[in-house]
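[1] Here you go, sequence then predicted model.
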Amino acid sequence: MLPIDFSSLALLLILGPPPTGEEGGQGETDASSPSDSDASGNSGTAELEGSGEEDEGDDATMDAFFGGGGEEEEEDQGPVEGPSELPSGDPEIGTLVGGGEVAPAGDLDMSDIFGSEDAIDDLPDIDEVDHGRPASGSDLFSGKLDLRLRIVSSVHIDVDNIHAGRRWNPRQPTLAQTSQPVSALKVANTLPRGTVSRNENRIELFFSYQPNEHIQIVGDIEPVFFGVSQVSGLDDLSSRQMLTPFHVESDAAYIAIYDALPNLDIKIGRQIVVWGTADKFNPTNNINADDLEDRPVFTEPIANQMLVVDFSPLQDRLWFQGVYVPLFYPALLPPSASAALADPQTPVNFADQEERDKLAFLQNFLTANEKFNPRVLTRVEQPPVNIMNGQVAFKVGTRLGPVDMSASYYYGFHDIPIPFETESKGLGPLTEDSVDGYWFQSDVTLVYPRMHVAGLDFAAQVPFLDDMGLWGEAALIFPTQDYDFRIEMPLILDITPDDGVANPVTEFSGAIVKKQPFLKATVGADYTIGKHVYVQAQYLRGFIDDFGAGNIGNYLLAGTDIIFFGRHLIFRAFSVTELPSQRNQDPSTVLAPAVMMTPPWGFATFEVGGFAIVGKNTSKFGQTATGSSIAYFKVTGSF
């Protein structure tokens, strides 16, 4: 009998899945790729529903220890055998749940979850389970209609937040202990741990209808229900929208025309186009905005309306792709992003060290004089809705032996706004009462930088290294102009006291983004050890929100999947760490383990995990904009 270590499970609740996301590899299928590649270095993480081939060379010892499919599996699995029934006439035995059941209290083991020892040995891989449905998802219209349905329910719990400028502060109050309103964050003080930050239930309905070989109609609709009420006043109790917040998302709504001309395909409508070969962190992928709000699916692309043209005169030996996006769509940011601007200690990545030193002096002054902490209001200037502000992208690709490679160009906007201007004013004399807790107000304007991006990428599997996956991509980014951040202060202050000259000022400015090219890149490798261990490592030159010369950091991402029972049980651990760089920021790390389990009869997946943020408030991942560490639980059912 295998004992269950509940203390280990409790520890795992504090941590969670990796930045690599839940779908493995790049996270999304390129909706417009002219051809599928056998040499994808974008292997991604080992998934519960993956389709990778198993290594036939694993020995019987590994199978006996880990379980799962092997050469000795029978083709006809038959029904899974459960524990034997109690003999008739025997008295009932109390169980963990209560009542007369097959597993008495204290004797619960793995056979009660996965069946008997023989059943465990015969358990098929998850991708071999027959779900009793046609491969197309539907037999309607002679198989021309493909229908798929997925239901996802998840809950996130805040494990920590910043208290008195520190994470994991033992003096931080719990939700039950605190009496301060959430607005206390205005001075980077407290958000209590234990807050239910997300309670989401979504229905994902996908359909694809292909009446003939030339036309395909694809749609996806996702109603999303949030279980956290938004009621704040009595009138809200008469609004169903406030009681049950609800919205609709869609990842696809397009019409595809195949072979409109020989080897020419056209897709028109709402879709996702993913470029790049790296796992999740793709500097050449700029067409769709990123979803940064839900961390377990971090960097998942957001669909947008576009025209995509694919031309493959030599199939995968030579192909071209062109994309036109008429309207810009920004990234979806977490709620903590706006809270970060309200924190005067949030790092601002000026391009020059001189401006960073001035800002550091001002932040120290605000820490010592809390009355000068301003109320921060924000305004985001989006690009005008104009045909001249459309986004254009081109790509050409080929395969040389085992190597896939491509070159790309993109013209458009960075999807995360940068601060451009701050105007400050006084709300009243310091000798009088405050206005809602403030004596000053700062209005911050943010803009989306326009840019040109030239990219290269490759991916390969190396036969002489046991098919190890290798990939890399690089993007040379050209901002179209200088973006200076002007900070207007509410008082006259000498912010350069060490220069020996008294020069009090009311404002200062410095470049956030220079009109100077800068490089972002990702290089990585992955390897599968036998049938049960998957490892991956990536070097990142520039994180998703890093932008501008002098503002690019260096990061290391590493992780592993440990696979049991033929992919029915996966233990995952990933981390991303900022390496030392010229920005001289304090070190910080994100730890992201998870446990995923699919029962032997399929159709459902259970996942528990989290994100643990380790770092000071002045660090990349420790700053207020990152939000709290979380623990989460998610269940997914699909058919």
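    In hand now; what should we look at?

[2] drop to CA atoms for contacts and neighbour counts, all remaining ones
    OK.

[3] Which strand in this structure has the most residues?
    strand 246-261 (DSSP state E).

[4] low pLDDT regions in the stretch 501-639 of the chain?
    582-584 (pLDDT under 70).

[5] can you check the stretch 201-350 of the chain too?
    339-342, 344-345.

[6] before we move on, back to that, list the buried residues for the longest strand of the chain?
    246, 250, 251, 252, 253, 254, 255, 256, 257, 258 (16 or more other Cα atoms under 10 Å).

[7] what's the offset of stretch 556-564 from the middle of its chain?
    16 Å (Cα atoms, centre = their mean, to the nearest Å).

[8] returning to what we had before: CSV for the buried residues of strand 246-261, including distance to residue 491?
    Output for those, formatted as CSV (distance: Cα to Cα, whole Å):
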residue, distance to residue 491
246, 44
250, 48
251, 49
252, 52
253, 53
254, 55
255, 58
256, 60
257, 62
258, 64
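
[9] Closest to residue 424 out of these?
    residue 246 (36.5 Å; Cα to Cα).

[10] Run through the residues that contact the closest one.
    Taking Cα atoms under 8 Å, 6 or more residues apart in numbering as the criterion, residue 246 is in contact with 223, 224, 225, 226.

[11] Kindly report the same for residue 538.
    522, 523, 524, 525, 556, 557, 558.

[12] Those residues in strands, which ones?
    Those of the contacts of residue 538 lying in strands (DSSP E): 522, 523, 524, 525, 556, 557, 558.

[13] what helix or strand does the residue nearest to the third one when sequence neighbours are not counted sit in?
    Same thing as residue 524. Leaving aside its chain neighbours, residue 524 sits nearest to residue 538 (4.0 Å; criterion: Cα to Cα, 6 or more residues apart in numbering). Here residue 538, judged by DSSP states H and E, is contained in strand 533-541.

[14] Can I get the longest strand of the chain in CSV, CA atoms only?
    Taking C-alpha atoms only, strand 246-261 is exported to CSV below (Å, rounded to 0.1, in the frame of the first residue of the first chain):
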residue,chain,number,x,y,z
PHE,A,246,-20.4,37.5,-17.0
HIS,A,247,-18.7,38.0,-20.3
VAL,A,248,-18.1,36.2,-23.6
GLU,A,249,-14.8,35.4,-25.2
SER,A,250,-13.9,33.9,-28.6
ASP,A,251,-10.7,32.5,-30.0
ALA,A,252,-12.0,31.9,-33.5
ALA,A,253,-14.6,33.2,-35.9
TYR,A,254,-13.3,33.0,-39.4
ILE,A,255,-13.8,31.6,-42.9
ALA,A,256,-11.0,29.8,-44.6
ILE,A,257,-10.7,29.4,-48.3
TYR,A,258,-8.2,26.6,-49.3
ASP,A,259,-6.6,26.6,-52.7
ALA,A,260,-8.2,29.8,-53.8
LEU,A,261,-5.4,29.6,-56.3
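
[15] Tell me the helix or strand right after that strand.
    Tracing the chain C-terminally past strand 246-261 and defining elements by DSSP H and E, one meets strand 264-271 next.

[16] what's the spacing between that next one and its chain's center?
    That offset, for strand 264-271, works out to 26 Å (Cα atoms, centre = their mean).

[17] That one - contacts with which helices or strands?
    strand 246-261, strand 304-311 (3 or more Cα pairs under 8 Å, 6 or more residues apart in numbering; DSSP states H and E).

[18] list the helices and strands the helix or strand that that strand is followed by packs on?
    Going down the chain from strand 264-271, the next helix or strand is strand 290-291, by DSSP H and E. Other helices and strands packing on strand 290-291, by 3+ Cα pairs under 8 Å, 6+ apart, are strand 300-301.

[19] From the contact counts, what lies against the strand it packs on?
    Using 3+ Cα pairs under 8 Å, 6+ apart, strand 300-301 sits against strand 290-291.

[20] how many neighbours does the nearest residue to residue 375 once chain neighbours are set aside have?
    Sequence neighbours aside, residue 441 is the residue nearest to residue 375 in space, at 4.5 Å (criterion: Cα to Cα, 6+ apart). A count of nearby residues for residue 441, using other Cα atoms under 10 Å, gives 21.

[21] picking that back up, most neighbours among the contacts of residue 538, which one is it?
    The most crowded member of these, judged by other Cα under 10 Å, is residue 522 (27 neighbours).

[22] Chain neighbours aside, what residue packs nearest to it?
    That would be residue 540: by Cα to Cα, 6+ apart, it lies 4.7 Å from residue 522.

[23] how about the residue nearest to residue 462 when sequence neighbours are not counted, what does it touch?
    With sequence-adjacent residues excluded and distances taken as Cα to Cα, 6+ apart, residue 462 is closest to residue 468, at 5.4 Å. Residues near residue 468 by Cα under 8 Å, 6+ apart: 461, 462, 525, 526, 527, 528.

[24] so which of these comes closest to residue 416?
    So of the contacts of residue 468, ranked by how close each gets to residue 416 (Cα to Cα), first place is residue 525, at 28.1 Å.

[25] If we go by neighbour counts, what in the helix or strand harbouring residue 399 is buried?
    Here residue 399, judged by DSSP H and E, is contained in strand 391-400. Using 16+ other Cα under 10 Å as the test for burial, strand 391-400 gives 391, 392, 393, 394, 395, 396, 397, 398, 399.

[26] all helices for this structure, in order.
    6-12, 60-66, 111-114, 117-122, 240-243, 336-341, 353-368 (DSSP state H).

[27] Which parts of the stretch 351-500 of the chain are strands?
    375-381, 391-400, 403-413, 418-426, 440-447, 450-462, 468-479, 483-493 (DSSP state E, counting those that start in this stretch).

[28] That should have said the stretch 501-639 of the chain, apologies.
    Using DSSP E, counting those that start in this stretch, strands in the stretch 501-639 of the chain cover 505-513, 518-529, 533-541, 554-564, 569-579, 588-597, 604-615, 630-638.

[29] Could you dump those strands into CSV and include distance to residue 481?
    Formatted as CSV, those follow (distance: least, Cα to Cα, whole Å):
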stretch, distance to residue 481
strand 505-513, 8
strand 518-529, 13
strand 533-541, 22
strand 554-564, 25
strand 569-579, 28
strand 588-597, 31
strand 604-615, 33
strand 630-638, 38
